[in-house]
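Novice: Structure of the sequence below:
(2 chains)
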Amino acid sequence: MKSKRKTGFILLCILPTLVIFAMFIVYPVTQVFYKSLFSSSGFGSSDQFVGITNFIELFSDDVFIQSIKNTGFLMLVVPVITLLLSLIFASMLSFGQLKEKHLYRTIFFFPSILSFVVIGILWAFIYHPNMGIVNEIMKVMGLDQYALTWLGNPDTVLWAIAIVMVWQAVGYYMVMYLAGMDSIPKELYEAASIDGANAIQQFVKITIPMLWEIIRITIIFSINGVLNISFVLVIVMTSGGPNNSSQVALTYMYQQGFVNANFGYAMAIAVVVFIVAIILAFISNKLTEREAL
Amino acid sequence: MSNDKNRNPKKSKWIMRIILLVATVIFIYPLVWNIIASFKSNEEILESPWALPSMLRFENYIRAFADASMGEYILNSFLVTALSMFLLLVLVIPTAHVIARFDFTGRKLLHNFYLAGLFIQPVYIMIPLFLMMSDLSMLDNRFWLSLVYAASALPFSVYLLTGFMRSIPKEYEESASIDGCGYFRTLLNIIVPLARPGILTVVIFNFFTFWNEYALALVLLTSDEKKTIPVGLANLMQIQRFATDWGALFAGLVLVLIPTVTLYALTQKKLTEGMSMGGLKG
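Specialist: The predicted structure is shown next:
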């Protein structure tokens, strides 16, 4: 009697959530893979099974090749710079014993709670050739000849976007690392100091190994996060231009799906991105695998 | 943390301070610039990007409300955020409670199933979601959008809240059960109040996500009068309707920032604590 009521309670608690999660998240994920095998204008009847044709076409599509290169570039460059800077800032705050530590933490974390749209618009103006502060700073420093149309130049646009992504995420990971660092036993550092290890040696020999598991998690988070934010930033800041030089895979997917109504093709793009992300996560996971201290 | 074996601890402290101060300026200046620009005229924005406004042009804000429907977008965003939050809590509290406390077949599987969802970005699934909701006539409806938001917030929220609920001592429920309290009353009257700090963390984290969300709102809401503020602002930016009215565009940006900044100011301690709670104890 009691156990029947218990089972009923458990089911009532988990089933509605499970149904909604399955319907709005899990089912669409499976659809991405399934629909990528169809030539589809999207609405039911006109779907035609075409096997891997979409994927074959993708690899002779120059825009797609460009977009996947750009995505790969961001997935490699942004996590490396972001996590490195986060580690450096976190260790400064953790070891520096500065009185204003909490103030820095609050300010550095701030960009990571802002809307990507707001960030994109703001930075589009920061990079603006005439009224942007980047070029203003260049002028003040006498580097006029390097003042550029940052977002309008195929050579600089991707780096310009990468910098925004780093700016947005550094504080977030810094806070994660800071919490980890503060929980490392102080005796380790004291012992190392007595043995004559300097700050950098302590960082490499104690901090990094002690944080290793957190670092591994943040690498995967960061690679994955690039997908989401690059989509919004590219749409808001450049629409993929100039000449597709800042097109990322997911903005191209959006374009193929919602502008060209080429849904099957768009899903094939999503599948490739998904596979690239998994492979990158897998590789970084393998590369960072080591015995815990 | 006596790291003071450095030959010159004072000097290295000041080097650090200088680096951190430069970083502070880089992190904060874009926002300060935005707020200043929102009070300037077009000419001032264009010609003297560094200068303060000659006068505070509040009319930029009035134009943002009157000509650019920012007021409506903000109301829509509040509505969608509140509804999403309500739906999320109704879904996640019982689920987290059961996963944290009850032993049943498939519990671990269920937990891992939600955790796997942490890796699904909304942008991935926007097309199939759009197609499915179009088939079911769920498009352009703020309720369904909110339900999608709630669903997409589940992985992180389940993760955070089960962790928190496990840390509540079992004795409270045991004595409630002895007093003849049923499962539902225990959940509502005992667990929910005790889990309030955890629930608050879930609310704070997801407020930012819901309030700022762009990709799904972009495709799932089609009519102009239902749009949320990130979509409204991005449209303004894109169609360049504001190419001649930057003042109002910046005013719009400030408007969307106000709730974010307010909540951050009130909860930043809680937020960074939650980060370490969510990020480290996996």
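Novice: how about the residues of the stretch 151-282 of chain B near chain A?
Specialist: Residues of the stretch 151-282 of chain B lying near chain A by Cβ under 8 Å from any Cβ of the partner chain: B:151-152, B:154, B:182-184, B:187, B:208, B:211-212, B:214-215, B:219, B:230-231, B:233-234, B:237-238, B:246, B:249, B:253, B:256-257, B:260, B:264, B:268, B:271-272, B:275-276, B:279-280, B:282. Where you see a C-beta, it was placed from the backbone N, CA and C, and this is true even at glycine.
Novice: let's go with 6 Å and repeat that
Specialist: Within reach of chain A by Cβ under 6 Å from any Cβ of the partner chain, the stretch 151-282 of chain B has these residues: B:151, B:154, B:183, B:208, B:212, B:214, B:230, B:233-234, B:237, B:253, B:256, B:264, B:268, B:272, B:275-276, B:279.
Novice: Low-confidence ranges, the chain, go.
Specialist: Just going to use chain A. Applying pLDDT under 70 to chain A flags the ranges A:1-2, A:41-46, A:145-146, A:291-293.
Novice: that answer is for a different chain, and I need it for chain B
Specialist: B:1-9, B:240-243, B:274, B:276-282.
Novice: what residue is smack in the middle of it?
Specialist: residue B:208 (1.2 Å; Cα atoms, centre = their mean).
Novice: Assign that one to helix, strand or coil.
Specialist: helix (DSSP: H, G, I helix; E, B strand; the rest coil).
Novice: neighbours around residue B:170, how many?
Specialist: Using other Cβ atoms under 10 Å in any protein chain shown, the number of residues around residue B:170 comes to 9.
Novice: Return the distance of the lengthiest helix in chain A from the chain's centre.
Specialist: In chain A, assigned by DSSP state H, the helix with the most residues is helix A:62-96. Put simply, helix A:62-96 sits 8 Å off its chain's centre (Cα atoms, centre = their mean, to the nearest Å).
Novice: Return the list of helices and strands in contact with that helix.
Specialist: helix A:157-182, helix A:208-237, helix A:249-254 (3 or more Cβ pairs under 6 Å, 6 or more residues apart in numbering or on different chains; DSSP states H and E).
Novice: winner for burial among those helices?
Specialist: helix A:249-254 (a mean of 26; mean count of other Cβ atoms under 10 Å in any protein chain shown).
Novice: CA atoms only: put that helix into CSV for me.
Specialist: C-alpha atoms of helix A:249-254 as CSV (Å, rounded to 0.1, in the frame of the first residue of the first chain):
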residue,chain,number,x,y,z
ALA,A,249,28.7,27.0,-39.4
LEU,A,250,25.6,27.7,-37.3
THR,A,251,24.9,31.0,-39.0
TYR,A,252,25.2,29.3,-42.3
MET,A,253,22.8,26.6,-41.0
TYR,A,254,20.4,29.4,-40.0
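Novice: That one and chain B in contact?
Specialist: Yes: using Cβ under 6 Å from any Cβ, helix A:249-254 reaches chain B at residue A:250.
Novice: Quickly note the distance from the nearest residue to residue A:58 once chain neighbours are set aside to residue B:25.
Specialist: The shortest distance from residue A:58 to any non-neighbouring residue, by Cβ to Cβ, 6 or more residues apart in numbering or on different chains, is to residue A:64 (5.0 Å). Residue A:64 sits 40 Å away from residue B:25, going by Cβ to Cβ, to the nearest Å.
Novice: Then residue B:162?
Specialist: In terms of Cβ to Cβ, residue B:162 sits 40 Å off from residue B:25.
Novice: Equivalent analysis for residue B:12, please.
Specialist: In terms of Cβ to Cβ, residue B:12 sits 21 Å off from residue B:25.
Novice: And the two? Which one has more around it.
Specialist: Remark: of residue B:12 and residue B:25, residue B:12 carries more neighbours, 17 against 10, as counted by other Cβ under 10 Å.
Novice: Which ones among the residues of the stretch 151-282 of chain B next to chain A lie within helices?
Specialist: Under the assignment DSSP H, these contribute B:151, B:154, B:183, B:208, B:212, B:230, B:233-234, B:237, B:253, B:256, B:264, B:268, B:272, B:275-276, B:279 to helices.
Novice: Close to chain B: what parts of the stretch 101-250 of chain A are there?
Specialist: Within the stretch 101-250 of chain A, the residues that sit near chain B (Cβ under 6 Å from any Cβ) are A:104, A:106-108, A:113, A:115, A:117-118, A:121-122, A:131, A:133, A:136, A:175-176, A:179, A:186, A:193, A:224, A:227-228, A:231-232, A:236, A:250.
Novice: Now do the same contact list for residue 164.
Specialist: No chain was given, so I picked chain A. Counting by Cβ atoms under 6 Å, 6 or more residues apart in numbering or on different chains, residue A:164 touches A:123, A:233.
Novice: Chain B was what I was after
Specialist: Going by Cβ under 6 Å, 6+ apart, residue B:164 touches residue B:198.
Novice: Need the three-state assignment for it.
Specialist: helix.
Novice: what separates it from residue B:86, distance-wise?
Specialist: Where residue B:86 is concerned, residue B:164 sits at a distance of 20 Å (Cβ to Cβ).
Novice: what does residue B:267 give?
Specialist: Going from residue B:267 to residue B:86 by Cβ to Cβ gives 19 Å.
Novice: Looking at the two, which is more packed in?
Specialist: Shown here are residue B:267 and residue B:86; by other Cβ under 10 Å, residue B:267 has more neighbours (19 against 12).
Novice: shouldn't that one be in contact with residue B:207?
Specialist: No: here residue B:267 does not reach residue B:207: they are 9.0 Å apart, not a contact under Cβ atoms under 6 Å.
Novice: Surely residue B:45 touches residue B:246?
Specialist: Yes: in this structure, residue B:45 is within contact of residue B:246 by Cβ under 6 Å, at 5.0 Å.
Novice: Give me every residue in the stretch 1-150 of chain B lying close to chain A.
Specialist: With Cβ under 6 Å from any Cβ as the criterion, the stretch 1-150 of chain B meets chain A at residues B:1, B:3, B:5, B:16, B:20, B:24, B:27-28, B:30, B:34, B:46, B:49, B:91, B:94-95, B:98, B:102, B:104, B:117, B:119, B:121, B:123-125, B:127-129, B:131, B:148.
Novice: would residue A:197 count as being in a strand?
Specialist: No: going by three-state DSSP, the assignment for residue A:197 is coil, not a strand.
Novice: Now it: closest residue in space that isn't a chain neighbour?
Specialist: Closest to residue A:197 by Cβ to Cβ, 6+ apart is residue A:205, at 6.7 Å.
Novice: Can you report how many residues neighbour the one you found?
Specialist: Using other Cβ under 10 Å, residue A:205 has 14 other residues around it.
Novice: Could you find the closest non-adjacent residue to residue A:35?
Specialist: residue A:267 (4.4 Å).
Novice: Helix or strand: which one has the closest residue to residue B:104 other than its chain neighbours?
Specialist: Closest residue to residue B:104 apart from its sequence neighbours, by Cβ to Cβ, 6+ apart: residue A:10 at 5.6 Å. For residue A:10, the host element (DSSP states H and E) is helix A:2-21.
Novice: Report the angle between the helix or strand just after that helix and helix A:2-21.
Specialist: Later in the chain than helix A:2-21, the nearest helix or strand by DSSP H and E is helix A:27-35. Per axes from the mean of the first three to the mean of the last three Cα atoms, to 10 degrees, the angle that helix A:27-35 makes with helix A:2-21 is 50 degrees.
Novice: Output helix A:27-35 in CSV with nothing but the alpha carbons.
Specialist: Provided in CSV are the C-alpha atoms of helix A:27-35 (Å, rounded to 0.1, in the frame of the first residue of the first chain):
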residue,chain,number,x,y,z
TYR,A,27,13.1,14.8,-30.0
PRO,A,28,14.5,17.8,-31.9
VAL,A,29,18.1,16.5,-31.4
THR,A,30,17.1,13.2,-33.0
GLN,A,31,15.4,15.1,-35.8
VAL,A,32,18.6,16.9,-36.6
PHE,A,33,20.2,13.6,-37.5
TYR,A,34,17.2,12.1,-39.2
LYS,A,35,16.2,15.1,-41.3
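Novice: what about it, distance to the chain center?
Specialist: 22 Å.
Novice: Brilliant, that's me finished.
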